[in-house]
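A.B. asks: Here is my input, please return the structure:
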Amino acid sequence: LERVKNLNAYFTMSLYKNVCRSLFERHKLLFSFLLTAKILFGDNALDPVEWRYFLTGPTGEINIIPNPLTWISDKEWSSFYRMLYGLNQLPAFEGLEKYFFENTDLFRKVYDSVDAHTAKFPGDWDTKLNSFQKMMVIKLLRSDKIILSMRNFVIEHLGEAFTRPPVLNLQECFNDSTNCTPLIFILSQGSDPKSDFDKLVEEMDMNNRVTSTSLGQGQAKKAETMIEDAKQKGGWVLLQNCHLSISWMPSLEVIVENFNPDNSKDFRLWLTSMPTPDFPVSTLQNSVKMTIEPPSGLKANLLRSYHGLDDKELNNSNKPNTFKKLLFGFCFFHAVVQDRRKFGPVGWNILYEFSNEDLGVCTKQLRLFIDEYEEVPYKVLNYLGAEINYGGRVTDDKDKRLIRIILADYICPEVFQENYKFSSSGLYYSPAPGGQDDYLDFINNLPDVPNPEVFGMHDNAEIITAQANTRLTLDLVLSIQPRSSGGGGKSREDQILELVEFLQGKTPPNFDIDLVMKEYPVKYEESMNTVLIQEVMRYNKLIT
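C.D. replies: Next comes the predicted model:
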């Protein structure tokens with residue numbers, strides 16, 4: 001039995017890692033959540049009826065009682081009470097509605113809590129409900145905390161490792177490929193895998209055996225010739241922007257299907273493409289897929305930056321301690337400006353596509369100025385970083401001022417003081433100079449989900465964004481559910497049919513157009529009668 005458990009754990013983690021590298025950041029936690037739910041369904045530890053209610057919410061019509069609460073607005077009360085009433089109809093929540101109205105002050109403490117997703121529920125509800133059922137109550141009280149609740153749900157059942165997507169390692173992806181298996185970079189807006197690819201080329205000593213081209217008009221024949229040569233001689237071919245050569249995609253599919261294991265063992269085909277329905281499905285299914293985009297979260301951003309900085313690069317300076325201290329400041333700045341985008345207009349007036357290349361240029365300039373000058377030119381470093389390298393993308397005048405202020409907090413003489421912190425919590429600061437492993441250990445001990453204070457914002461800053469993310473996530477989960485459900489509860493078709501019958505029962509009958517025309521005949525003196533007839537016809541069409 002223990003061996004079976006170990007095998008299950010190993011294959012589950014292997015599945016998670018391999019799928020995660022081909023998912024966009026916004027979908028990785030969602031995948032972990034769905035994986036957890038599927039495992040629990042297999043163990044009969046998750047109620048299908050509760051699952052469906054969590055995703056869809058209440059259906060049907062009820063009598064809404066007057067709002068007795070001062071902390072829920074009248075505008076929100078209707079949907080709040082419908083959800084509370086619906087929960088009360090589920091067996092596990094029987095009596096919740098009555099208990100809620102008898103102890104509204106106790107539930108308000110959960111509602112007002114900064115960490116509502118971890119707050120204890122009043123009475124015996126904290127022990128009576130399991131973690132998924134508690135998440136359903138959190139959806140009622142604080143829907144902005146659902147994403148964090150989902151994360152805790154995954155940690156409880158699968159472990160924290162399933163909420164920390166692995167940093168993309170191109171070497172591992174290459175090891176999983178063969179001379180018959182293409183490697184595909186799935187692009188997102190502003191992403192460019194070329195620098196990561198070039199780094200792997202250098203590490204594997206393939207500099208003179210790589211050919212590349214950007215697909216587009218007139219490049220198809222050249223690409224075919226490059227592939228044929230590399231198959232025979234052994235080499236890598238990089239075809240960029242496949243989505244710009246849709247007409248050639250069927251030809252690419254045929255070429256890939258005809259790959260032969262007898263070709264050179266050193267041959268590899270690398271492709272980059274934005275998501276497009278015209279990309280060959282068979283090629284996509286039989287390839288090693290990778291996404292290149294900024295990681296989601298401050299901690300993940302820092303981890304990615306330092307996974308790409310080995311000890312040789314960290315010590316490649318005449319003043320290594322100074323270089324390491326300020327380099328952490330630039331890496332932290334890079335993570336902050338990336339992660340501020342999740343706040344929408346509160347973070348940046350315009351969403352900018354900052355990239356790893358911006359950080360790479362800042363790193364090179366930092367090393368150059370530290371080695372060339374006796375004293376650190378902070379003004380120059382701030383100007384180059386905030387006005388040119390990153391600031392070159394910034395167009396809004398308020399955003400320009402903001403990015404200057406942010407960088408000035410991390411690239412300054414005070415960074416070398418032991419008590420200097422990057423935020424009021426004191427959790428974030430530039431650690432003592434060390435090796436790559438020391439920095440990775442420090443970063444791994446940072447919170448997985450940063451509070452808005454590290455961005456200089458109030459705790460309420462992310463409420464609207466979190467609520468929007470909750471809606472998008474639940475809609476996405478619902479959209480990929482199977483068309484029918486097994487086990488207990490009503491099937492999806494039964495629920496839809498029930499909703500259709502309910503709506504039909506509430507729909508009023510059509511107007512009798514002949515009767516209306518008789519009562520309100522079209523006359524020169526009564527021009528509004530003409531408008532009335534037209535509106536009646538449109539209304540009948542609408543409800544038919």
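A.B. asks: Quick check: Leu239 is in a strand.
C.D. replies: Yes: checked against DSSP: H, G, I helix; E, B strand; the rest coil, Leu239 lies within a strand.
A.B. asks: Need the pLDDT of it.
C.D. replies: On the pLDDT scale, Leu239 is placed at 92.
A.B. asks: so who does it touch?
C.D. replies: Ser212, Thr213, Leu215, Ala223, Leu269, Trp270, Leu271, Thr272 (Cβ atoms under 8 Å, 6 or more residues apart in numbering). In this view, the C-beta of every residue, glycine as well, is placed from N, C-alpha and C.
A.B. asks: Write down the beta-bridge partners of it, one by one.
C.D. replies: Leu239 has these beta-bridge partners by DSSP bridges: Thr213, Leu271.
A.B. asks: got the CA coordinates for the helix or strand of the chain with the lowest mean pLDDT in CSV?
C.D. replies: Least confident helix or strand, the chain: helix 492-506 with a mean of 74, by mean pLDDT, DSSP states H and E. Output of helix 492-506 as CSV, limited to C-alpha atoms (Å, rounded to 0.1, in the frame of the first residue of the first chain):
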residue,chain,number,x,y,z
ARG,A,492,-25.9,19.1,-16.5
GLU,A,493,-28.7,18.4,-19.0
ASP,A,494,-31.3,18.0,-16.3
GLN,A,495,-30.2,21.3,-14.7
ILE,A,496,-30.4,23.1,-18.0
LEU,A,497,-33.8,21.6,-18.8
GLU,A,498,-35.0,22.6,-15.3
LEU,A,499,-33.8,26.2,-15.9
VAL,A,500,-35.5,26.3,-19.3
GLU,A,501,-38.8,25.2,-17.9
PHE,A,502,-38.5,27.7,-15.1
LEU,A,503,-37.8,30.6,-17.6
GLN,A,504,-40.7,29.4,-19.9
GLY,A,505,-43.0,29.4,-16.9
LYS,A,506,-42.1,33.0,-16.1
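A.B. asks: distance between it and the chain's centre?
C.D. replies: Offset of helix 492-506 from its chain centre (Cα atoms, centre = their mean, to the nearest Å): 34 Å.
A.B. asks: What average pLDDT does the helix or strand just after it get?
C.D. replies: Under the assignment DSSP states H and E, the closest C-terminal helix or strand after helix 492-506 is helix 513-519. For helix 513-519, mean pLDDT rounds to 89.
A.B. asks: in helix 513-519, what's buried?
C.D. replies: Val516 (16 or more other Cβ atoms under 10 Å).
A.B. asks: Stretch 29-41 too?
C.D. replies: Leu29, Leu30, Phe31, Ser32, Phe33, Leu34, Leu35, Thr36, Ala37, Leu40, Phe41.
A.B. asks: cool, stretch 345-352 as well?
C.D. replies: Buried residues in stretch 345-352 (16+ other Cβ under 10 Å): Val346, Gly347, Trp348, Tyr352.
A.B. asks: pretty sure Leu69 contacts Thr104?
C.D. replies: Yes: using Cβ atoms under 8 Å, Leu69 is in contact with Thr104, at 6.0 Å.
A.B. asks: Point out where the stretch 401-544 of the chain drops to low pLDDT.
C.D. replies: For the stretch 401-544 of the chain, the stretches with pLDDT under 70 are 483-492, 495.
A.B. asks: So which residues of it form helices?
C.D. replies: In the stretch 401-544 of the chain, the helices defined using DSSP state H, counting those that start in this stretch lie at 436-444, 463-479, 492-506, 513-519, 528-543.
A.B. asks: Pipe these into TSV and attach distance to Ile388 per row.
C.D. replies: As requested, the helices of the stretch 401-544 of the chain are exported to TSV (distance: least, Cβ to Cβ, whole Å):
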stretch	distance to Ile388
helix 436-444	26
helix 463-479	30
helix 492-506	55
helix 513-519	70
helix 528-543	57
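A.B. asks: List just the one of the ones you listed that sits closest to Leu252.
C.D. replies: Of all these, helix 463-479 sits nearest to Leu252, with 29.6 Å by Cβ to Cβ.
A.B. asks: Which pLDDT value goes with the spatially closest residue to Leu446 that is not a sequence neighbour?
C.D. replies: Nearest non-adjacent residue to Leu446, counting by Cβ to Cβ, 6 or more residues apart in numbering: Lys299, 4.9 Å away. Lys299 is assigned 91 on the pLDDT scale.
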